[in-house]
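# how does the following fold in three dimensions:
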Amino acid sequence: MKAIHFLAAAVLGFASSAYAADKHDHGHEHKPLHGGVVIEVKDMDYEFVAKSDRLQLYLRDHGKAVDVSKASAKVTLLAGTEKQEVELKPTGDKLEAAGSFKVAAGTKAIALVSLPGKPAITVRYVLK
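Next up, the predicted model:
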């Protein structure tokens, strides 16, 4: 019986500490600055801007733009039964590709982002 009480106390302790860790102050907001969809992964914001002729990905670390000059990304767009894979290349302060893209509301986008010296990050979006 004591083991059950210990286990219950441990679970509650872990749950409350995980909840408290989630409520930390980032010191920045996760609002889109370029009209896209923002997702936070490992304290970085990834803003994906999808237009029918251009895809753009902006990276911010604690609110500050990340140098993407040596970065790359591969985006997979899933619109209904259609799948399109696109390579994004550095262009100024963002990763970008030009072309013809199906980016209606509800389209899913999966970005695999590579930064020098860091493991690749996967970011998932649903376009609005």
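
# other residues contacting stretch 69-83?
If you take CB atoms under 8 Å, 6 or more residues apart in numbering as the criterion, stretch 69-83 is touched by 48, 50, 55, 57, 59, 84-90, 95, 97, 101-104, 106-116. C-beta here means a position set from N, CA and C on the backbone, and glycine is covered the same way.

# out of those, which end up buried?
The neighbour count (16 or more other CB atoms under 10 Å) marks 48, 50, 55, 57, 59, 84, 86, 88, 95, 97, 101, 103, 107, 109, 111, 113, 115 as buried among the contacts of stretch 69-83.

# next step: those residues restricted to strands.
Here DSSP state E is the test, and the buried ones among the contacts of stretch 69-83 give 48, 50, 55, 57, 59, 84, 86, 88, 95, 97, 109, 111, 113 as lying in strands.

# tell me the bridge partners for the last one.
The reference is to V113. Beta-bridge partners of V113, counted by DSSP bridges, are A73, I121.

# re the thing from before, most widely separated two among the ones in strands among the buried ones among the contacts of stretch 69-83?
The distance between the two most remote of those (CB to CB) is 21.8 Å, for L59 and Q84.

# ramachandran angles for V66?
Here is the backbone geometry of V66 (degrees, to the nearest 10): phi -100, psi 140.

# wait, it sits on E47?
No: applying CB atoms under 8 Å, one finds V66 not in contact with E47, separated by 11.0 Å.

# immediately after the lowest-mean-pLDDT helix or strand in the chain, which helix or strand?
In the chain, no helix or strand scores lower on mean pLDDT, DSSP states H and E than helix 2-22, which sits at a mean of 40. Next in sequence after helix 2-22, counting helices and strands by DSSP states H and E, comes strand 37-41.
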